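Colleague: Dropping a prediction and its sequence here:
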Amino acid sequence: MFEGSDLSVLDFQAMSDEGLIDALRTAHGASAAAQAAEVFAVRELYRRHRAASAEPGPGGVRAGEFAATEAAVALQVDEGSVAAMIDVGLALEDWLPRTRAEFAAGRIDVAKVRVIVDNTRAVARDVLGELEPRLLETAGRTTPVRLRQAARRWVARLDPVGAQRRRERRQDDRDVRIRAVQDSMAVFDGVLPAPGAQTVAMRLREMSLQVCAADPRTMPQRRADALVALADGSGRLRCACGRGARCPKGEVAGAAPRRPLIQIGIPADTLLGMREAPAFLAGYGPIDAALARILAEDARFQVIPERSAADDPAADDPVARSPLLDREVRALDGMCRFPGCTMPAAESVLAQRQSASRAEATVLCPRHHRLKTLSDNRKVPWETWLADPDRLQWTAPTGDIHTTAREGARYLFPHKDIDVPAGLNENPPQTEPAIDLPDDLAYPFRGHALVNRQLCRIAPEDEIPDDATTPAINPA
Ligand SMILES: [Zn+2]
Ligand SMILES: [Zn+2]
């Protein structure tokens, strides 16, 4: 009914209920068709990059590896989501021609397309001719969750001998990752082969019972603490009953935890409790001052002086003119200086560059350090320019310019943070973590397991650094 009409000028208040439902369907179809157009466009960009940029060997450009980067900065979306879009586009082209056509016409949305891609990736090709039309027919009259259930049932029925192949393919998708949510919490998420997951679960349970019955923590809380204890090197839960020598489990002490696995930037006056400015947890984003002070109790400190005259190359002060120490650069940058990248500085490498006034280092994660090195060597058509220490400019191949600032410095020296609305500087601001959304609503690709292995290094956290550039875990 509204086919071809401009949805933005419809008068919803004047419509009947039937008219509204009709408009809803039309709008959903239009947004599905638009999603399809995005997937096909980015897939085509990837095809061109692949054709143009193959240069195997160390120091060369891996075919197509920065197509996602270009699309990501243009759309202001993360590179992992773009990699997933390319992956879906390739899958539709490779083995799902009917699904591709339905998606292009807006008759099936991206959520259902993902279900179909995911459930047909390890199915024998001769079964697909029967399976795909059935899935599409069902997709038209059910939700993505029910479609997934139906798909699993039919795959098992139509391709029973493929069960082992599907399991082996699925094991390739094993993964553990975290994502920041609000209030200084993060979701720790993963997909493991069942025996491995069970091993972790049983170990956490065993550790949860290392404390006495008077420990005030619930079992879920103990499991969570046990997981961190596994990682920090202490290897066991310390009882929190507070009974000291009378605790029956008190005498068993674990190893001391390894400390600086995390880095936090905190202003000196906030550390001393004179102010409540937020601190910066590298890889996460802002945390509140009280939490930062608790973490600081066991911390190793590095003092980062504020170099007020550093912007003035003619300054007399020798401290202001001396180049920044590596640890200062890491603390001031806080995280990778590529637009939108949230890789923490400790996991990144320092790249030297010539600024207007002097040589200056910036922090880049291994993936974007690769991009910078390749662009310095004129192997990819990107350009970088350090206008001043706080403005690192990236020029994309299309000519679009993106600038990043020193994120860590905003937290260390809050009085210099000119982007903060007036009045927020003195109080804990309403800041959100750098990577706070559980999913990007416009690009719902989180958790998509890549079918095409060549795309698996595009998300910055998934880049495997060259041996020469592997950063030290604990930069001194
Ligand atoms: Zn106890
Ligand atoms: Zn990066």
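Modeller: Ah, there it is. Numbering: from 1, shown residues only. Ligands and ions are numbered 1, 2, ... in the order given.

Colleague: and the protein, which residues reach ligand 1?
Modeller: 212, 239, 241, 247 (C-beta under 5 Å from the ion). To be clear about C-beta, it is placed using only N, CA and C from the backbone, and glycine gets the same treatment.

Colleague: any chance of these in CSV, with secondary structure, distance to R153 and pLDDT too?
Modeller: As requested, the residues of the chain next to ligand 1 are exported to CSV (DSSP: H, G, I helix; E, B strand; the rest coil; distance: C-beta to C-beta, whole Å; pLDDT from 0 to 100):
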residue, secondary structure, distance to R153, pLDDT
C212, coil, 48, 90
C239, coil, 48, 90
C241, coil, 50, 90
C247, coil, 52, 88
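
Colleague: between the residues you listed, which is nearest ligand 2?
Modeller: Among the residues of the chain next to ligand 1, C239 lies closest to ligand 2 (C-beta to the ion), at 41.3 Å.

Colleague: quick one: contacts for the closest residue to that closest one other than its chain neighbours?
Modeller: Nearest non-adjacent residue to C239, counting by C-beta to C-beta, 6 or more residues apart in numbering: V211, 4.0 Å away. Residues near V211 by C-beta atoms under 8 Å, 6 or more residues apart in numbering: 217, 222, 237-241, 249.

Colleague: One more pass at 6 Å, please.
Modeller: 237, 239, 249 (C-beta atoms under 6 Å, 6 or more residues apart in numbering).

Colleague: what about the last one, is that helix, strand or coil?
Modeller: In the three-state summary, K249 is assigned as coil, counting by DSSP: H, G, I helix; E, B strand; the rest coil.

Colleague: count of neighbours near the nearest residue to it once chain neighbours are set aside?
Modeller: Distances taken as C-beta to C-beta, 6+ apart place C212 nearest to K249, at 4.5 Å, with adjacent residues excluded. Neighbours of C212 under the rule other C-beta atoms under 10 Å: 15.

Colleague: so C212 makes contact with R246?
Modeller: No. Taking contacts as C-beta atoms under 6 Å, C212 lies outside contact range of R246: 9.4 Å.

Colleague: where does the stretch 51-200 of the chain have low pLDDT?
Modeller: Within the stretch 51-200 of the chain, the segments meeting pLDDT under 70 span 53-58.

Colleague: Helices of that one, start to end?
Modeller: With DSSP state H, counting those that start in this stretch as the criterion, the stretch 51-200 of the chain has helices at 67-75, 79-95, 97-104, 110-120, 125-139, 144-158, 163-171, 194-208.

Colleague: which is the next helix or strand following the last one?
Modeller: The C-terminal neighbour of helix 194-208 among helices and strands, as given by DSSP states H and E, is helix 219-231.

Colleague: Output the contacting helices and strands for the helix or strand that that following helix is followed by.
Modeller: Where DSSP H and E defines the elements, the next helix or strand beyond helix 219-231 is strand 264-265. With contacts taken as 3 or more C-beta pairs under 6 Å, 6 or more residues apart in numbering; DSSP states H and E, strand 264-265 sits against strand 279-281, helix 407-412.

Colleague: What mean pLDDT does the helix or strand containing T270 get?
Modeller: Applying DSSP H and E as the criterion places T270 in helix 268-271. Here helix 268-271 scores 89 as its mean pLDDT.

Colleague: Buried ones in it, by neighbour count?
Modeller: Buried positions in helix 268-271, judged by neighbour count with 16 or more other C-beta atoms under 10 Å: 270-271.

Colleague: One more: stretch 443-463?
Modeller: Neighbour counts using 16+ other C-beta under 10 Å place 443-446, 448-451, 454-455, 457-463 of stretch 443-463 among the buried residues.

Colleague: Stretch 287-305 too?
Modeller: 287-289, 292-293, 299, 304.

Colleague: Could you export the residues you listed as JSON lines, including distance to A180?
Modeller: Shown next, in JSON lines, are the buried residues of stretch 287-305 (distance: C-beta to C-beta, whole Å):
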{"residue": "I287", "distance to A180": "10"}
{"residue": "D288", "distance to A180": "14"}
{"residue": "A289", "distance to A180": "18"}
{"residue": "A292", "distance to A180": "15"}
{"residue": "R293", "distance to A180": "20"}
{"residue": "A299", "distance to A180": "20"}
{"residue": "I304", "distance to A180": "23"}
